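1. next input, structure requested:
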Amino acid sequence: MFQVKNEIEFQDSYECLVIGMKEKPEKFSGQLAKFDELFEGQLTELVKSGDISAKKKSISKIHTFGKIGAKRLIFVGLGKEKELTLEVLREAFGKAFKEIQMSKLEEVAIYLDTFAGEGMESLDVAHVLSEALPLATYEFEGYKQKSNEPKKEIEKIIVISEDDADEIQAALTVGYVYGKSTNSARTLVNTPGNLLTATDMANYAKELGERYDFEVEILEKEDMLKLGMGAMLAVNQGSDEPPKMIVLKYRGKDEWTEVIGLVGKGITFDTGGYSIKPKDGIVGMKSDMGGAAAVLGAMEIIGELRPEQNVVAVIPSTDNMISGNAFKPDDVITSMSGKTIEVLNTDAEGRLVLADAVTYAKHHGANYLVDVATLTGGVIVALGTNTTGALTNDEAWFEQVLEASYEAGEPIWRLPLFEKDIERVRGSKIADLNNSPGREGHAIMGGAFVGEFAEGTPWVHLDIAGTATTRTSTAVGPAGATGAMTRTLALLVERFEKN
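-> Numbers count the residues shown, from 1 in each chain. Here you go, the predicted model:
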């Protein structure tokens with residue numbers, strides 16, 4: 001798909017040529033001055049008149065009328081150079097690719113060097129460019145009757161840069177893997193619960209394992225009974241669908257040491273159980289496996305890029321249904337760790353399945369833990385829908401997660417976790433823990449509960465209830481699933497440093 005050229009040839013024939021525009025004085029300079037000369041100064045006039053804009057993330061399209069080989073130019077506004085970031089670039093490229101897709105163009109050229117900012121590596125720009133392509137053009141096909149009209153997609157992108165072509169090509173390849181794998185996570189989240197059961201998710205994980213030579217383990221209900229996974233089994237009690245505890249192992253080192261455990265909540269549909277959700281709140285609960293999707297997407301990236309790091313992914317998957325066998329408020333259950341739990345809210349089921357999954361990740365040798373879950377509505381009240389909430393028991397480990405999220409453009413914000421918060425989780429009079437101490441600090445309570453099972457292992461909790469889906473389209477994707485934390489988890493593994 002990507003071809004790298006070191007020099008721009010103005011007479012080369014392209015359907016369009018994409019150029020980055022930074023806010024500057026009245027006329028073109030540097031690389032863009034040559035274009036203006038070929039247009040006899042008309043580009044400068046178009047800038048003055050506002051027909052070509054350098055405003056951040058603006059798109060300006062002009063026809064060339066044969067003055068150069070490209071049929072049309074697309075100028076992408078980047079704003080002021082000192083304010084240019086990789087996140088701005090990612091969204092700017094996203095808007096450009098959306099415009100190209102709407103124009104039904106199949107082959108385009110991008111003048112990469114016009115997008116680089118001060119102190120910005122061209123390799124990073126290339127990565128963001130190729131990541132933005134699949135993200136921005138992603139569509140969930142859905143289940144409507146298909147049109148016979150052939151769909152046109154971008155098939156070839158010529159990237160023009162003076163820097164080392166092989167290095168640029170490598171960065172483009174990696175970025176594209178990140179974008180495509182995030183789309184895999186999006187598709188999982190967008191899939192209805194009747195078409196993505198725990199069994200379906202286990203089969204999907206098996207296929208990943210076969211494709212990338214992961215070790216695969218799928219625990220069945222009988223296995224969970226033998227291991228004492230009472231928390232996981234309690235959530236599954238009301239369902240006709242069997243539960244699955246899904247494990248994928250990637251060995252990037254000769255010895256199974258310094259293992260990163262990625263744990264993703266895989267509730268394929270959440271009714272709330274007997275603490276049933278209201279009619280408006282229950283719609284969209286197919287997305288309650290967003291954490292599992294992020295982990296599976298990250299494992300796809302890891303499988304493609306093969307970092308020198310050990311990873312175990314653990315996904316507890318079931319739905320949370322209502323029946324005569326379903327677990328109830330006031331029940332007391334025993335987790336795999338041996339800790340007993342008083343159930344005060346059956347809609348606080350995600351933390352229960354994560355409890356046994358975190359314990360099982362440690363059983364598989366995880367030395368560092370990250371759990372990802374659409375856990376609480378409280379995190380949306382606290383942080384809105386653009387920021388993932390986080391909790392931790394280890395400063396150094398959290399800093400690594402934070403840096404990865406910043407690089408991925410997936411912002412997280414750390415919530416406080418004090419001893420008094422932990423005391424509330426331990427506040428049951430009849431069991432070791434209770435699963436829902438109340439509405440106050442709900443997001444903190446949910447994470448604190450999971451942390452009780454991480455115990456002394458460095459751990460970060462990521463609550464993506466607000467960020468796993470979006471109601472509106474963005475520069476890098478449509479409404480629906482976002483694939484949140486897929487790229488953060490993969491970058492965390494890729495950039496891992498022993499504490």
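2. for this protein, where's the lowest mean pLDDT among helices and strands?
-> In the chain, no helix or strand scores lower on mean pLDDT, DSSP states H and E than helix 33-38, which sits at a mean of 84.
3. in CSV, list the C-alpha atoms belonging to whichever helix or strand comes after that one.
-> Scanning forward in sequence from helix 33-38 by DSSP states H and E, the next helix or strand is helix 42-49. Extracted C-alpha coordinates of helix 42-49, given in CSV (Å, rounded to 0.1, in the frame of the first residue of the first chain):
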residue,chain,number,x,y,z
GLN,A,42,-1.6,32.0,-7.5
LEU,A,43,-1.3,29.8,-4.4
THR,A,44,-0.2,32.8,-2.4
GLU,A,45,-3.3,34.6,-3.7
LEU,A,46,-5.5,31.7,-2.7
VAL,A,47,-4.0,31.8,0.8
LYS,A,48,-4.7,35.6,1.0
SER,A,49,-8.3,35.1,-0.1
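4. please state the offset of helix 42-49 from the chain centre?
-> Helix 42-49 sits 40 Å away from the centroid of its parent chain (CA atoms, centre = their mean, to the nearest Å).
5. mind listing what's buried in it?
-> Buried residues in helix 42-49, counted by 16 or more other CB atoms under 10 Å: 43, 44, 46, 47. Just so you know, the C-beta spots here come from the backbone N, C-alpha and C atoms, and that holds for glycine as well.
6. can you check stretch 420-436 too?
-> Here stretch 420-436 shows 421, 422, 424, 425, 426, 428, 431, 432, 433, 434, 435, 436 as buried, counting by 16+ other CB under 10 Å.
7. likewise for stretch 64-77?
-> 64, 68, 70, 72, 73, 74, 75, 76, 77.
8. ok, those vs residue 394, which is closest?
-> residue 76 (40.7 Å; CB to CB).
9. my guess is residue 441 contacts residue 378. True?
-> Yes: contact criterion CB atoms under 8 Å: residue 441 and residue 378 qualify, at 7.3 Å.
10. re the thing from before, quick one: which of the buried residues of stretch 64-77 sit in helices?
-> Using DSSP state H, the subset of the buried residues of stretch 64-77 located in helices is empty.
11. out of these, what pair is the most spread apart?
-> Top of the distance list for the buried residues of stretch 64-77 (CB to CB): 68 and 77, 20.7 Å.
12. related to what we said a few turns ago, dump the buried residues of stretch 420-436 to a markdown table, plus pLDDT.
-> What follows is those, written out as a markdown table (pLDDT from 0 to 100):
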| residue | pLDDT |
| --- | --- |
| 421 | 96 |
| 422 | 97 |
| 424 | 97 |
| 425 | 98 |
| 426 | 97 |
| 428 | 96 |
| 431 | 98 |
| 432 | 98 |
| 433 | 98 |
| 434 | 97 |
| 435 | 97 |
| 436 | 96 |
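13. widest-spaced pair of these?
-> 421 and 431 (17.9 Å).
14. can you list the strands that the helix or strand hosting residue 371 pairs with?
-> Residue 371 belongs to strand 366-373 when elements are defined using DSSP H and E. Within its sheet, and counting by DSSP bridges, strand 366-373 is paired with strand 259-264 (parallel), strand 459-463 (parallel).
15. quick check: the nearest residue to residue 193 once chain neighbours are set aside vs residue 284, distance?
-> Leaving aside its chain neighbours, residue 193 sits nearest to residue 269 (3.4 Å; criterion: CB to CB, 6 or more residues apart in numbering). Using CB to CB, to the nearest Å, residue 269 is found at 10 Å from residue 284.
16. these two: which is more packed in?
-> Neighbour count, other CB atoms under 10 Å: between residue 269 and residue 284, residue 269 has more, with 21 against 15.
17. do a quick rundown of the helices in the stretch 301-450 of the chain.
-> Assigned by DSSP state H, counting those that start in this stretch, the stretch 301-450 of the chain shows helices spanning 350-363, 378-383, 395-408, 419-425, 442-454.
18. of all the ones you listed, which lies closest to residue 307?
-> Here helix 395-408 is closest among the helices of the stretch 301-450 of the chain (CB to CB), at 12.5 Å.
19. bridging residues for residue 370?
-> Under the criterion used (DSSP bridges), residue 370 bridges to residue 262, residue 460.
20. hang on, the earlier thing: reformat the buried residues of stretch 64-77 as CSV; add distance to residue 277 and pLDDT.
-> Formatted as CSV, those follow (distance: CB to CB, whole Å; pLDDT from 0 to 100):
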residue, distance to residue 277, pLDDT
64, 56, 90
68, 58, 89
70, 53, 90
72, 50, 93
73, 51, 93
74, 45, 95
75, 48, 94
76, 43, 96
77, 43, 94
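21. noted, bye for now.
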